[in-house]
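Chemist: output the structure for:
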Amino acid sequence: MATQADAEQTPAGIETPTPEPLETFTALEGQALIERYRMGLDLADPRAFQLSHEDADRTFQPDQGLGTWSCRSLMNHLADADLVNAMRIRRTLVEDGPVLDGWDHEAFNASPLYGTGPGSIKAPLGVLAASIYTNRQMIGAILYQLDPPQWSRRALHPRVGEMTLHTLIAFNAWHIEHHLTYLNAKVLAMLGPRPKDEPCDDMPAGGCGEGCGCAH
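Modeler: So this is what the prediction gives:
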C-alpha cells in the first residue's frame, strides 16, 4: 500500500502517461508490425533495471496517475504475459481455431511471485526483461517467415473473443508499450530525468523520450 510519504517524494510536474491507442498497432501490417512487436522492450528506461529493492517495490497512489503497481510487479506481469502470449501465438499457428487459455493477472500480482506479501520473491527486473526479450525474438523470427494467409488464422481469446493472428500480435505489441509508458513514468518520478552526460546509446535515434536529459 502506498503511503503519504510516497506521494510527497514524487516530484512535481510528472504528467500522467499517455500510451498510444491500440488502433495504432492494429493498423500496422507485415514487417512494420513485426518490428514494433520486437522492439517493445527497447523503449524501457534502462535505469529501471538498476533500481534498489526498495525502489523496485515502491507503489504509487491512484491519484498520482502513474499506475499503482510497483516496477517489480509491472515487469513480472509483462514477463508472464509474454510467456502466455508466446504459447497463444504458437497455438494459433498450429491448431485450428484453438480456445486460448486465460490467466488471473490480479491473483498473480497479489502473490509472492510478484514480490508482494509474506515470503515475497524478489525477481531481478533484468532477468524478467531477458525473458521478454528472448520470447519476442523467438516469435519475431517465426513471424518473418509467414505467408500472408497465415496472418488470418483465428483463435478464440478468453476475454476478447475471436482474434486473428494479426490482431493477436498487434495487441501484444500494444500491451508492452502501454505498460512501459507507466514503468518509465515511475522511474522518472523516482529518479528524475537521465543525466545529460549519460548517453542513451541503446535508445532509438532521438533519445529515450519525454523526460530524458540525455545527450541525443
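Chemist: got the contact list for Lys186?
Modeler: Lys186 is in contact with Ala48, Arg58, Phe60, Leu66, Gly67, Ser70, Cys71, Leu74, counting by C-beta atoms under 8 Å, 6 or more residues apart in numbering. Placement of C-beta: from N, CA and C, glycine included.
Chemist: if we only consider those, which is nearest to Pro21?
Modeler: Gly67 (17.1 Å; C-beta to C-beta).
Chemist: spatially nearest residue to that closest one, not counting backbone neighbours?
Modeler: Once flanking residues are discounted, Gly67 sits nearest to Tyr182: 4.2 Å by C-beta to C-beta, 6 or more residues apart in numbering.
Chemist: state the mean pLDDT of the stretch of helix or strand the one you found belongs to.
Modeler: Here Tyr182 sits within helix 165-191, counting by DSSP states H and E. Averaging pLDDT along helix 165-191 gives 95.
Chemist: also stretch 71-85?
Modeler: 96.
Chemist: and if you look at stretch 118-132?
Modeler: For stretch 118-132, the mean pLDDT works out to 93.
Chemist: straight-line length of it, end to end?
Modeler: 26 Å (C-alpha to C-alpha, to the nearest Å).
Chemist: buried stuff in that stretch?
Modeler: The neighbour-count check on stretch 118-132 (16 or more other C-beta atoms under 10 Å) flags Ala123, Leu125, Leu128, Ala129, Ser131, Ile132 as buried.
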